[in-house]
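Chemist: I would like the atomic coordinates for the input below:
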Amino acid sequence: MPDLVDLRSDTVTCPTDAMRAAMAGAAVGDDVYGEDPSVNALEAEVADLFGHEAAVFVPTGTMGNQICLRLLVPGGLELICDADAHVVTYEDGGAAQHGGISSRTIVAARGRLDPSAVADQIRPAGYHMVPTAAVAVEQTHNRGGGAVYPLETLRELRTMTADAGVGLHCDGARIWNAHIATGVPLATYGALFDTLSVCLSKGLGAPVGSVLLCSAEQESSARTLRHRLGGGMRQAGILAAAGRHALRHHLHGLAEDHRRAAALADQIAAAAPKVCDPTLVETNIVALDLTTAGDDGPALAAAARSEGVLISVVAPRRARLVTHLDVDDTGVDLAARVLSRLLG
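Modeler: Now for the predicted structure:
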């Protein structure tokens, strides 16, 4: 069998030769002492991109999210997010386990919260209620099929949360995709949030790492929390160099991922219009709704794998395809042919 076309996630990319060279040549020091020049440079660069005072390099996006939530939500208080948010779906209950954070979720179309619906749910202190301390959004939204929050919606959420004295966090694992898809500057997004966690190891193609953004006042607490969670790394500049290379050389290539996702969706929809809606493809994720396909997710995944295509099953009758740096046009064409035949 030829090489597999892996559309399970944009986390499966491998470093390019140029990225490996940047990693091999990285200047390093002990980051726990704050002495790794490559980490310091990455943190300064990402903070500048988003217009934030401080940035902290962490090994994973989950750790970045969890630290940010704890900066905004003291134990025993409440976080509001959508029902499919990564922070409550894929982070193993970390907010409750480690932070004592109570979560309340709102069902939202494609994971995008409606500001008026959130405003109705914010709880003040008193009457034995759990006060709301923060709201979290996800840009782009994973289980929402790569949906992008409109800028105006985010501005409304910022105004509403600020008026209520509530923090606003962005799980920006794929905020780079939103930036490329919409042209909204990263600093414009950054100005809307108290904290962000942005990922380097998804579409940007770095092997490891995320960066959390916060205020200068919060930075010391963020580094303490990182250490408590086991994220204090030593000569981490080797990893930071991969992230810096990705920002310089892979960011604008996300447009190609988006183009390929749209082409993939168009071809599948031509064969199975009830399964795939191309109008919902905004970035690099294609969602498949199998409820009317006469097939289930695991069976489809097994059949596709037997023909060299890997897909992700996200529910019994839902699947996901993700384009990325390591899938070219030839791979997309093969995947489209295989899936169209299986679904048609």
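
Chemist: use CA for all of it now, contacts and neighbours both
Modeler: Noted.

Chemist: quick one: low-confidence parts of the protein?
Modeler: Applying pLDDT under 70 to the chain flags the ranges 1-2, 293-295.

Chemist: tell me the domain ranges of it?
Modeler: Using automatic domain parsing, the domains assigned to the chain come out as 17-249, 253-343.

Chemist: could you dump the ones you listed into CSV with distance to Ser9 and mean neighbour count added?
Modeler: Below are the domains of the chain laid out as CSV (distance: least, C-alpha to C-alpha, whole Å; neighbours: other C-alpha atoms under 10 Å):
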stretch, distance to Ser9, mean neighbour count
domain 17-249, 8, 20
domain 253-343, 5, 19
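
Chemist: ok, which of those comes nearest Leu7?
Modeler: With respect to Leu7, and counting by C-alpha to C-alpha, the nearest of those is domain 253-343 at 4.9 Å.

Chemist: export the domains of the chain to JSON lines and tack on distance to Asp6?
Modeler: Conversion of the domains of the chain to JSON lines gives the following (distance: least, C-alpha to C-alpha, whole Å):
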{"stretch": "domain 17-249", "distance to Asp6": "14"}
{"stretch": "domain 253-343", "distance to Asp6": "5"}
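
Chemist: out of these, which comes closest to Arg8?
Modeler: Per C-alpha to C-alpha, nearest to Arg8 of those: domain 253-343, 4.4 Å.

Chemist: the closest one spans what distance, first to last residue?
Modeler: 30 Å (C-alpha to C-alpha, to the nearest Å).

Chemist: which elements pack onto the strand or helix carrying Ala178?
Modeler: Taking DSSP states H and E as the criterion, Ala178 maps to helix 175-182. For helix 175-182, the packing partners by 3 or more C-alpha pairs under 8 Å, 6 or more residues apart in numbering; DSSP states H and E come out as helix 254-271.

Chemist: what residues does the helix it packs on touch?
Modeler: The contact list for helix 254-271 (C-alpha atoms under 8 Å, 6 or more residues apart in numbering) reads 177, 180-181, 203-204, 275-278, 281-286, 322-325, 329, 332-333, 335-337, 339-341, 343-344.

Chemist: how far does it sit from its chain's centre?
Modeler: Remark: helix 254-271 is offset 20 Å from the chain centroid, using C-alpha atoms, centre = their mean, to the nearest Å.

Chemist: quick one on the thing from earlier: what angle separates the helix holding Ala178 from helix 254-271?
Modeler: Computed by axes from the mean of the first three to the mean of the last three C-alpha atoms, to 10 degrees, the angle separating helix 175-182 from helix 254-271 equals 80 degrees.

Chemist: contact partners of helix 175-182?
Modeler: By C-alpha under 8 Å, 6+ apart, helix 175-182 touches 139-140, 148, 184-186, 198, 203, 251-252, 254-255, 258, 282-284.

Chemist: do the same with stretch 217-234
Modeler: Contact with stretch 217-234 is made by 29-32, 36, 54-56, 58-59, 63, 67-68, 71, as judged by C-alpha under 8 Å, 6+ apart.

Chemist: closest to Ala173 out of these?
Modeler: Met63 (11.7 Å).

Chemist: helix or strand right after the strand or helix carrying the closest one?
Modeler: Secondary structure assignment for Met63, by DSSP H and E: helix 61-72. Heading C-terminal from helix 61-72, the first helix or strand you meet, by DSSP H and E, is strand 78-82.

Chemist: now do that following strand: which elements does it pack against?
Modeler: For strand 78-82, the packing partners by 3+ C-alpha pairs under 8 Å, 6+ apart are strand 102-106, strand 132-138.
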